[in-house]
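Based on what follows, work out the 3D shape:
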Amino acid sequence: FRKNLVSSFRGSWDSSTLWRAFKILPESDRKKLFLVSLIQISLGLLDLLGVLAIGLLGALSVTGLQSGVSGNRVNQVLAFLHLSNLTFQNQAIILAVSAVMLLVGRTILSIIFTRRILFFLSRRGATISANLISRLLSQSMLVIQSSTTQQNLFAVTTGVTLITLQVLATATVLIADASLLMVMGIALFLVDPISAAGTFLVFMIIGFFLYQFMHVRAGELGKNTSEFSIRSNEKIIEVFSSFRESVVRNRRDYYAREIAKLRYGLAGMTAEVSFLPYVSKYVIETAVIVGALLISC
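Okay, here's the model as predicted:
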């Protein structure tokens, strides 16, 4: 059973879009992308330390307002940071500055690495596109004419850009965000296991249904968008290449209507593709608000 499960998982992973896109890159580029992903994952520790500093600052603020004594856990952390012998004001200033530096520093580093990833994959996409064009031109005329001009053009230009920037770059950033969520989840589980388990269960269910809906829908929209884009470009090239014939046969209005239909269909699908990320955003925001109300009750 274990062998069948492993082989089934390996087969599904090998046939996945992400893995097939990842295999397009050379071995050296895969290692660089993997190294950058590990660095971004490690940046999650800065966020964890920043949140810890904010939590300590909040605990100290409550203690200062109530003129009371800090809890044992807070005192242990302050002693570990060698801040227990300082005054309340100095402790608050150091924790506030540390929290700002950690969180802002993490944001700056994330911006730098994300920008480098985008430029790196964009340049690799240009290299792949140039290699594909070179390989396509070296083929026989029968092989080239087995697909339409727009299909070949889409495959060596827009298709490569979508793979490198929309698939690989997005997956790299998503891995970093997922690792941050995992680090925060583990820390929350150590502090409050019940709240952590409930939060994890709720968001796991929401994430599962979002994936099932958006994965299928995004696949359909991506396929239809590419098809409509190719057909639209083919019609535009067709009317310009046979302009005299269309004038003689009085078919310019026909081409205009056909191109308009394709462009309207493409516009609707493009808008729907652009709206998909906002679906998960609004669902997560609603889940956070409802969850906070349930916990407070």
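
Sticking with Phe113, tell me its helix or strand.
helix 88-137 (DSSP states H and E).

likewise Phe240?
In this structure, Phe240 is located in helix 193-241 according to DSSP H and E.

Run the chain-centre distance for that helix.
12 Å (Cα atoms, centre = their mean, to the nearest Å).

before we move on, back to that, which strands and helices lie in contact with the helix holding Phe113?
Secondary-structure packing of helix 88-137 (3 or more Cβ pairs under 8 Å, 6 or more residues apart in numbering; DSSP states H and E): helix 27-42, helix 44-66, helix 149-156, helix 158-161, helix 170-191. (C-beta placed from N, C-alpha, C; glycine too.)

and for the helix or strand following it, what are the contacting residues?
Downstream of helix 88-137, the next assigned helix or strand under DSSP H and E is helix 141-144. Applying Cβ atoms under 8 Å, 6 or more residues apart in numbering, the contact partners of helix 141-144 are Leu136, Asn152.

hmm, 10 Å instead?
Contact partners of helix 141-144, identified using Cβ atoms under 10 Å, 6 or more residues apart in numbering, comprise Leu136, Leu137, Ser138, Asn152.

who wins for neighbours among the residues you listed?
Asn152 (18 neighbours; other Cβ atoms under 10 Å).

What pLDDT is listed against the residue lying closest to that residue once chain neighbours are set aside?
Once flanking residues are discounted, Asn152 sits nearest to Leu136: 6.4 Å by Cβ to Cβ, 6 or more residues apart in numbering. pLDDT recorded at Leu136 is 81.

go on, Asn4?
46.

again, but for Gly159
80.

Count residues in the vicinity of it, would you?
By other Cβ under 10 Å, 18 other residues sit near Gly159.

any idea how far Trp19 is from Val100?
Distance of Trp19 to Val100, computed by Cβ to Cβ, to the nearest Å: 40 Å.

correction: Leu49
With Cβ to Cβ as the criterion, Leu49 and Val100 are 12 Å apart.

These two: which is more packed in?
Leu49 (16 against 13).

which residues touch the nearest residue to that one once chain neighbours are set aside?
With sequence-adjacent residues excluded and distances taken as Cβ to Cβ, 6+ apart, Leu49 is closest to Leu102, at 5.1 Å. The neighbours of Leu102, taking Cβ under 10 Å, 6+ apart as the test, are Leu45, Leu46, Asp47, Leu48, Leu49, Gly50, Val51, Leu52, Ala53, Ile54.

at 7 Å what do you get?
Going by Cβ atoms under 7 Å, 6 or more residues apart in numbering, Leu102 touches Leu46, Leu49, Gly50, Ala53.

would TSV of these with pLDDT be doable?
Formatted as TSV, the contacts of Leu102 follow (pLDDT from 0 to 100):
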residue	pLDDT
Leu46	83
Leu49	83
Gly50	82
Ala53	81
